[in-house]
Every structure is written in structure tokens, then in C-alpha cells.
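The following comprises the amino acid sequence and a computationally predicted model.
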Amino acid sequence: MPAAPVAVTLWFTQDLEPAFSNVTVTNEAGQWVDLGNAQIPPGSPAQLQIALKPLPPGTYLVSWHVVSVDTHPTEGTFTFEVGRG
Amino acid sequence: MGGFLIAARFLHFTAAILLTGVFTFERLIAGPAFRRFGAAPANGTRLRWRLGWLAWASLALAIGSDAAWLAAVAAGMSGKPLGAALSQGAVWIVLTRTQFGEDWLLRFALVVLLGFCLLARGRWHWRVSGTIGWTALFLAAAMLASLAWAGHGAATPGLPGDFAERSLRFCRKTPHCVVGTMAVFKYSAERYGLRRVADEPTTTP
């Protein structure tokens, strides 16, 4: 993406349990670039959002682990690039 | 852990079905049958005692299996081994901060109220304990119905869809539970001699 995002928002098909859901964003060196405030937005129980620090160009890894209200955990990762392509 | 969770759920469902069946049988089948033939015969007293024993055993099974279910879910949701989940507060987090915990507390409250009903039932002749029996039946049925919220029915998004989905799951689960309960107590009726009671000549003053 040409401009750095200010936050990462994840959408899920089921409502989440805030107490056991989290997301982190790290840079190529493995350093955290998020603000550590992963939260479920009010009124959107199936979303998980985390704010980011100002990101320089580079590749970033999003790692998420969530538990839905039916008690099933799931996790995953994906990457995005800033200022390239 | 998967096997432990499955076993806990199976035992809890079994206990809930048995509890509902005991009070359904007593209120809707045995009670009317014995009232029809006048004063409760000796078989009726014996049957009442056995039903009470079964109810208490089912209640104990419900409490134990529900506790095991809670522990298993806490371990699964926290991603920790069972022992760690129990010792590091995951159970408390599940109880106080998750939807599963809310449903669990509701079921536990129903079980506690059922316990009080059983205590009160034991103190009254069953002709006098009609209100207690009906209350216990309602509580047991509510506990059985609340299990619809304990699975995927809890995860349907949106309030209208959530209520509709939970109602649909309840309607799908309930007939199976009712049929299973009635099958169990058909055997019990024959086992505990209701046929003999029906065949006893009525006494006239």
C-alpha cells in the first residue's frame, strides 16, 4: 500500500471474546509496531482492531489469535507492505 | 483435552435429560396414575423414593460434569494445559468475561435452585408437593433448554438472527431430548411396577 495505515482491522464471521483475542503487528526485525491496544470496536463484536505507530516503508507481519463466542480458538498471520509497489 | 471436553458435555447432557425426565415422569405420568387409584400404594412411595435418588444422582452428575466442562473450555480458550488453566485464573476469566461463562452461571443457578426443590420435595407427601414438583420440572426444562446456548448457537451474529438461531437449535435439540427421556422412563415405568399398580383392585369403603 502506498501510505502507511493507522490501524489494522480484522473481520470475522463470528463474534469474538475480547478476553482471549489479540492481534500484534511486527516489522521485518520482529519488533512490535502496534500500540498494544487491540480491542473489539463498540458495536462490532466480530471485528478486532489495533492502532499502529507511524510506519516507514517496509514489510509488516500481522499475527492474530482469537476465540469466538462459541469457545473455538483460531489464529493466523498475513503480511502487508508499505510504500512499495 | 478434546476427549475430556466431549465426555464432560456428554455427561452433562445426560444429567440434564435425566433431571427433566424425572420431574416430567413424576408430574405427568406417575402422579396422575397414583391419584387415579386413590391413596398412594406402597409401590408409589417406593417409586417416589427411587425417583428422588435418581434426581439427586443426576443433580450431582450435572454439577460435576458442568465443572469439568468449564475447566475444559477454560483450557481451550486460554490455550493452556488444564492444570495451568485452573491455577492461573483462566476459569475465573471465562466465568466473568465471556458469553460461555454467563451461560454457565445461569445453568449453575438453575442447578442450585433444583437442589432446593429436591430438598423441599423430600419433606412433603407428593400430593402436597405439587407446586414444588412443577417448579422443579420448569427449572430442569430450563436447564436443558439453556444448553442450546452452549454451542454454535451462541455464535450467530445479530440479535434477531441470534434469537432465531438459538430458538431453532432449541427446537432441534428438544425433541431428541424428550424422546430420549421418555424412552428411559418407559423402561422405568415397567421396571417399577406401574403396571402392577394399575392392575391392583381399588378399595371401596
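Yep, it's here. Numbers count the residues shown, from 1 in each chain, chains lettered A, B, ... in the order given.

all contacts plus neighbour counts: C-alpha atoms, from now on.
Fine.

ok, how many other residues are close to B:D103?
18 (other CA atoms under 10 Å in any protein chain shown).

There's contact between it and B:A150 in this structure, I believe.
Yes - applying CA atoms under 8 Å as the test, B:D103 and B:A150 come out as touching, 6.9 Å apart.

Quick one: low-confidence residue ranges for chain B.
Residue ranges of chain B with pLDDT under 70: B:1, B:38-44, B:122-129, B:151-205.

Show me where it has its helices.
Counting by DSSP state H, one finds helices in chain B at the ranges B:2-25, B:31-36, B:42-78, B:82-87, B:90-97, B:99-121, B:130-146, B:159-191, B:194-199.

would JSON lines of these with distance to chain A be doable?
Formatted as JSON lines, the helices of chain B follow (distance: least, CA to the nearest CA, whole Å):
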{"stretch": "helix B:2-25", "distance to chain A": "12"}
{"stretch": "helix B:31-36", "distance to chain A": "40"}
{"stretch": "helix B:42-78", "distance to chain A": "6"}
{"stretch": "helix B:82-87", "distance to chain A": "13"}
{"stretch": "helix B:90-97", "distance to chain A": "7"}
{"stretch": "helix B:99-121", "distance to chain A": "6"}
{"stretch": "helix B:130-146", "distance to chain A": "14"}
{"stretch": "helix B:159-191", "distance to chain A": "11"}
{"stretch": "helix B:194-199", "distance to chain A": "43"}
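
For A:L55, which of those helices is the nearest?
Minimum separation from A:L55 across the helices of chain B (CA to CA) falls at helix B:42-78, 31.0 Å.

between the closest one and helix B:130-146, how many degrees?
30 degrees (axes from the mean of the first three to the mean of the last three CA atoms, to 10 degrees).

in helix B:42-78, what counts as buried?
Using 16 or more other CA atoms under 10 Å in any protein chain shown as the test for burial, helix B:42-78 gives B:44, B:47-48, B:51-52, B:54-56, B:58-59, B:61-78.

The residue nearest to A:G76 when sequence neighbours are not counted and A:P42, how far apart?
Using CA to CA, 6 or more residues apart in numbering or on different chains and skipping the chain neighbours, the partner closest in space to A:G76 is A:W64 (5.5 Å). A:W64 sits at a distance of 19 Å from A:P42 (criterion: CA to CA, to the nearest Å).

sorry, back to before: pipe the helices of chain B into CSV and attach distance to A:V8 per row.
Shown next, in CSV, are the helices of chain B (distance: least, CA to CA, whole Å):
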stretch, distance to A:V8
helix B:2-25, 33
helix B:31-36, 63
helix B:42-78, 23
helix B:82-87, 30
helix B:90-97, 24
helix B:99-121, 25
helix B:130-146, 36
helix B:159-191, 26
helix B:194-199, 68
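
Could you confirm A:N37 falls within a helix?
No - secondary structure of A:N37 (DSSP: H, G, I helix; E, B strand; the rest coil): coil, not part of a helix.

No further queries at this time; thank you.
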